[in-house]
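Asker: I would like to see how this sequence folds:
(3 chains)
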Amino acid sequence: MDQEIPVGALAALLGGKLSDPAAAETIVRGVKPLDQAGPHDLAFLWDPKYLEAARASQAGVVIAQEPIPGAQAPVLVVGDAQGAMLTLLGEVYSQRHPEPAPGVHPNASVDPSATLGEGVSVGAGAVVDAGAVLGEGTRVMPLAYVGRGVTTGKGCVIQPHATILDHCVLGNRVTVWSGAVVGKDGFGFLQRDGRHIRIPQIGGVRLDDYVEVGALTTVARGALEDTHLGVGVKIDDHCHVAHGCQLDENVMLIGFSRMGGSAKIGRDTYLLQDAAVGQARTVGKNAIVGSAAKVLYKDVPDGGRVMDIASGAVPHVRAKRVQLCLQQLPELRTRVRKLEKQLTELREQD
Amino acid sequence: MDQEIPVGALAALLGGKLSDPAAAETIVRGVKPLDQAGPHDLAFLWDPKYLEAARASQAGVVIAQEPIPGAQAPVLVVGDAQGAMLTLLGEVYSQRHPEPAPGVHPNASVDPSATLGEGVSVGAGAVVDAGAVLGEGTRVMPLAYVGRGVTTGKGCVIQPHATILDHCVLGNRVTVWSGAVVGKDGFGFLQRDGRHIRIPQIGGVRLDDYVEVGALTTVARGALEDTHLGVGVKIDDHCHVAHGCQLDENVMLIGFSRMGGSAKIGRDTYLLQDAAVGQARTVGKNAIVGSAAKVLYKDVPDGGRVMDIASGAVPHVRAKRVQLCLQQLPELRTRVRKLEKQLTELREQD
Amino acid sequence: MDQEIPVGALAALLGGKLSDPAAAETIVRGVKPLDQAGPHDLAFLWDPKYLEAARASQAGVVIAQEPIPGAQAPVLVVGDAQGAMLTLLGEVYSQRHPEPAPGVHPNASVDPSATLGEGVSVGAGAVVDAGAVLGEGTRVMPLAYVGRGVTTGKGCVIQPHATILDHCVLGNRVTVWSGAVVGKDGFGFLQRDGRHIRIPQIGGVRLDDYVEVGALTTVARGALEDTHLGVGVKIDDHCHVAHGCQLDENVMLIGFSRMGGSAKIGRDTYLLQDAAVGQARTVGKNAIVGSAAKVLYKDVPDGGRVMDIASGAVPHVRAKRVQLCLQQLPELRTRVRKLEKQLTELREQD
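Answerer: Numbers count the residues shown, from 1 in each chain, chains lettered A, B, ... in the order given. Presented below is the predicted three-dimensional model:
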């Protein structure tokens, strides 16, 4: 928290009640996980599954939504423990990463035809290209690139070294992380005379309000129509959204997950780490595509939950045996079929 | 298409023949897929497999290579429907992404020892380092980096935030996409006194004519010899080509595919999404390495087609059962062997 | 080597002994692998496993630690062949990639509140943000970004287009490659009223001495505590280290390997290509997580070696058969169980 706060002040700030009034004098200086917090740290019981850790915590104070019977540390009971956590961590975060002052850094390049809303900041080395329109309070961080004709809503954050290519359309409060590439041409080719010829990709990319695009993630522009990410879509690092994909509201893509061209995902669905959805496949809403699962040959219905069969980590001697058996599985099946036949014959003889 | 075109003008432009002369008056404004096009859209039947969609299309006009009996929309028959599509889409694309004017942006950094061919453009914030030589008409887009001693042929495009490190050699019309890194040192280490010591990587990277390197793709420099990508190699986003790899003409790598050090790929071969070719492995020409397949222990011959066995997405209850069975496969095989033995004994008794 | 060297001079330089004194006059111009070297190339026998290749080599001279009976090429015997190789390759490398002269390029942006140690260089277009402190001899290459409050030790190299975000702490001789992103906020969210709400990530990132972070690799900042990479950790390209991970000394991560939040890896352990360690999992020291293995449900002990069961590349007709059998494995097991029962009954009858 970069400063010292008496627990009493914290209680007043959050409108909470201390289990032990004497704890009001305790000074806390940092936030730690329940099991690592010491007498000058603050910790949160923000999910009931951590109740045991909260009871045993040595924190200076534990913030929780209910009293914790038997807790070793003083407890500050608040109406909304998660909300209190978000508030306090947000405060620390803002201190460490203050918003840049509005204005254009002298070493930034803003094309004269670009339009900057009120309170926009453009950092050192950043480039805002011809015809771009940046909404109120948008921050273009150092060395970020905002391409020709890009438009953003209010309060977007384009992190250092993020790339937004020509004509992409961002809603309000969209965040694009470092190294992400939005609006790259989709990977579409024709074979002509034995050569790969690019199909010009004339679609765009639309990112609705509150979308977050992770570091080193690509969102390709559509072949003919826009690639579209709905309100509140959150994408982790190293992910790929191909040309023409449609992601409905609140979809979440975890690290290294990826979608082939024109794939569709319904609202509130998750792609877990390393999951893949093949070209033109559809995954319904409220679904989960498990870690490393590949949706290649069959769509996933609403509420569906699919998993990979074979990913894992097995001690290597055992793994080699299983792997060998797996390779010979068709022969094993043949042997079982033969056994069944022979046994039937034997039984008929009897 | 950002403008309105009468279908008659289109027919004249492409030298085609309209199924319904009255359609010449129709105005089209955009290009859409066959099943989404409306009365003011243009659509293409560029692959015979879409014949049914073409017949049912509500487009203002469908461009096709043959008449379409029973088509609901007017058809414009041209000699080469794919060629017409490439031409028209290319026209739209050029309007949306016009080539930058030749010249060096005042906020670019071009080292005095660099040589720029005729018509070269260097965008805002881009850096062309010492001794680089850029061929005629090459475009270095904003914030791209062209390292020391890099040479390019004619008409290359180095997209925003692409990185070409020292001494890489690019042929003509090579495209390197945003976030790609070409010429990074390969990951080669020796163990000395319990530490990882880097082996200096003194090879280079050569990208022949028409090579395309996708966004966020890495092509490492060779340890001793050059990493080499032949004419027309096309690499998608998030791929990795390690030190010393040799890719023959027209090889195509789809997203997240990757090659270990000194691996070799023959011409016209595909690595599909998430495929991997291990260190020093060879894949022949005209081969396909399927999605998620890992060529680790055995080379793939010319024309070979290999697949992963186990990737997929299965409903999770079923997936857990299969996974459990898979783990116990060696025991199942043992049980079958025992059954075979017992049955043989029984039959011998009879 | 970019220059011609008589073998005799090489022998004098390395303090070695030539098998054939007449070879001292031979001129070498390059370094090649043993099997590709010609009469004007130098080659190394740096690992005994290449003895046969060394014997057959047509190199101008082979540098080795012992005489090579029957070698076709002259042999230069030195006390430490690997050391000689590192020295000579290092020399060539330095000639090709000379250290930039100290100083700040006129087109770089160094915030007035940043502190630059002696011999620091900041390249064209690079940005060193407010409050950053760069140790002696650190090189910030063109277009690299060093965020607010970042501190580095001596001799660090921040390659072109690398991104070090606010407050990360680097030790001595740390290398961060192009496109890498260090200090991105971890991917932590809460569900509130059906929306994904970011948990502010207030931890940092600490990279100890000699750490190397590969191209297009992400190291996320901790949620509450620092993400920490110990001395000598080496990370390849396209890897991901999530929030709060702890990597002990000399851990090596090969391409596309990745770690979930708060995962821990013991010293001298390897994650091979595409390996994954799940959230909060622990891998002990001296362990190997094999290529494509996913440590999701169970920790790996010290010295453990785990493999994936099912990754591979199998001719596609065969692969489809195996895949089908795999899907029906539970049924096969049921059939075996039934056979066992029937056979038992038969034998009891007899």
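Asker: how about the helices of chain A, start to end?
Answerer: A:7-14, A:51-56, A:81-96, A:316-327, A:329-349 (DSSP state H).
Asker: Tell me the residues of the stretch 101-250 of chain A that contact chain C?
Answerer: Within the stretch 101-250 of chain A, the positions near chain C by CB under 8 Å from any CB of the partner chain are A:105, A:107, A:123-125, A:142-143, A:159-161, A:177-179, A:210, A:212, A:214-216, A:232, A:234, A:236-238, A:250. Any C-beta I mention is one placed from the backbone N, CA and C, and that applies to glycine too.
Asker: Among the residues you listed, which lie within strands?
Answerer: Applying DSSP state E to those, the entries found in strands are A:Glu212, A:Lys234.
Asker: what about the closest residue to A:Ile202 other than its chain neighbours, how many residues close to it?
Answerer: Using CB to CB, 6 or more residues apart in numbering or on different chains and skipping residues adjacent in sequence, the residue nearest A:Ile202 is B:Val92, 4.7 Å away. Neighbourhood size, B:Val92 [other CB atoms under 10 Å in any protein chain shown]: 18.
Asker: hang on, B:Val92 packs against A:Gly203?
Answerer: No: applying CB atoms under 8 Å as the test, B:Val92 and A:Gly203 come out as separate, 10.3 Å apart.
Asker: who does the closest residue to chain B within the stretch 1-150 of chain A bridge with?
Answerer: Per CB to the nearest CB, A:Ser109 is where the stretch 1-150 of chain A lies closest to chain B, at 3.7 Å. Beta bridges link A:Ser109 to A:Val127, judged by DSSP bridges.
Asker: List phi and psi for A:Asp308.
Answerer: Backbone torsions of A:Asp308, given as degrees, to the nearest 10, read phi -80, psi 150.
Asker: What distance do you get for it to C:Ala310?
Answerer: Distance from A:Asp308 to C:Ala310, counting by CB to CB, to the nearest Å: 9 Å.
Asker: Equivalent analysis for A:Glu52, please.
Answerer: 37 Å.
Asker: burial measure for A:Val176, as a count.
Answerer: A count of nearby residues for A:Val176, using other CB under 10 Å, gives 30.
Asker: Surely it and A:Ile158 touch.
Answerer: Yes: if you go by CB under 8 Å, A:Val176 and A:Ile158 touch, sitting 5.3 Å apart.
Asker: list residues touching both of those two?
Answerer: Taking CB atoms under 8 Å, 6 or more residues apart in numbering or on different chains as the criterion, A:Val176 and A:Ile158 both touch A:Ile164.
Asker: For A:Leu253, which residues are in contact?
Answerer: By CB under 8 Å, 6+ apart, the residues touching A:Leu253 are A:Val233, A:Lys234, A:Ile235, A:Asp236, A:Cys239, A:Val241, A:Leu247, A:Met259, A:Tyr270, A:Leu271.
Asker: For beta bridges, what are the partners of the last one?
Answerer: Assessed by DSSP bridges, A:Leu271 has beta-bridge partners A:Leu253, A:Val289.
Asker: ok, now which ones touch it?
Answerer: A:Leu271 sits next to A:Val251, A:Met252, A:Leu253, A:Ile254, A:Ser257, A:Met259, A:Ile265, A:Val277, A:Val283, A:Val289 when contact means CB under 8 Å, 6+ apart.
Asker: Give me the nearest residue to A:Leu88, chain neighbours excluded.
Answerer: In space, not counting the residues next to it along the chain, A:Leu88 is nearest to A:Val31; the distance is 7.0 Å by CB to CB, 6+ apart.
Asker: The one you found contacts A:Tyr93, doesn't it?
Answerer: No: using CB under 8 Å as the test, A:Val31 is too far from A:Tyr93 to be in contact (10.8 Å).
Asker: Quick check: which ranges of the stretch 1-150 of chain A have low pLDDT?
Answerer: Scanning the stretch 1-150 of chain A for pLDDT under 70 picks out A:1-2.
Asker: Surely A:Val128 and A:Ala114 touch.
Answerer: Yes: counting by CB under 8 Å, A:Val128 does reach A:Ala114; the two are 4.8 Å apart.
Asker: Neighbour count for these two, which is higher?
Answerer: Remark: of A:Val128 and A:Ala114, A:Val128 carries more neighbours, 31 against 22, as counted by other CB under 10 Å.
Asker: give the contact list for the more buried one.
Answerer: A:Ala108, A:Ser109, A:Val110, A:Asp111, A:Ala114, A:Leu116, A:Val122, A:Leu134, A:Val140, A:Val146.
Asker: Go again with 10 Å.
Answerer: The contact partners of A:Val128, by CB atoms under 10 Å, 6 or more residues apart in numbering or on different chains, come to A:104, A:108-111, A:113-116, A:120, A:122, A:134, A:138, A:140, A:144-148, A:150, A:158, A:164, B:124, B:142.
Asker: How much space separates it from chain C?
Answerer: Distance of A:Val128 to chain C, given as CB to the nearest CB, to the nearest Å: 16 Å.
Asker: likewise A:Leu116?
Answerer: The value you get for A:Leu116 to chain C, if CB to the nearest CB is used, is 19 Å.
Asker: who's in contact with the nearest residue to that residue once chain neighbours are set aside?
Answerer: Once flanking residues are discounted, A:Leu116 sits nearest to A:Leu134: 5.1 Å by CB to CB, 6+ apart. By CB under 10 Å, 6+ apart, the residues touching A:Leu134 are A:110, A:114-117, A:119-122, A:128, A:140, A:146, A:150-154, A:156, A:158, A:170.
Asker: And for A:Ala114?
Answerer: A:104, A:120, A:122, A:127-134, A:146, A:148-150.
Asker: Would you mark the buried spots in stretch A:275-294?
Answerer: A:275-278, A:281-285, A:287-294 (16 or more other CB atoms under 10 Å in any protein chain shown).
Asker: Is A:Arg198 in contact with B:Glu212, as I believe?
Answerer: Yes: under the criterion of CB atoms under 10 Å, A:Arg198 makes contact with B:Glu212 at 7.7 Å.
Asker: Overlap of the contact sets of those two?
Answerer: With CB under 10 Å, 6+ apart as the test, A:Arg198 and B:Glu212 both reach A:Asp185, A:Phe187, A:Phe189, B:Thr175, B:Lys234.
Asker: how about the residues you listed in TSV, adding pLDDT, neighbour count and distance to C:Pro69?
Answerer: Supplementary listing: the shared contacts of A:Arg198 and B:Glu212 in TSV, determined by pLDDT from 0 to 100; neighbours: other CB atoms under 10 Å in any protein chain shown; distance: CB to CB, whole Å:
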residue	pLDDT	neighbour count	distance to C:Pro69
A:Asp185	97	25	59
A:Phe187	95	27	54
A:Phe189	96	13	55
B:Thr175	98	22	52
B:Lys234	98	23	49
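Asker: Tell me the one of the residues you listed nearest A:Ala73?
Answerer: A:Phe187 (54.7 Å; CB to CB).
Asker: give me every residue that touches that closest one.
Answerer: Neighbour list for A:Phe187: A:198-199, A:201, A:220, A:223, A:240, A:242-243, A:260-261, B:177, B:212, B:214-215, B:234-237, B:252-255 [criterion: CB under 10 Å, 6+ apart].
Asker: how about 8 Å then?
Answerer: Each residue near A:Phe187 by CB under 8 Å, 6+ apart is listed here: A:Ala220, A:Ala242, A:His243, A:Gly261, B:Gly214, B:Lys234, B:Asp236, B:Asp237, B:Ile254, B:Gly255.
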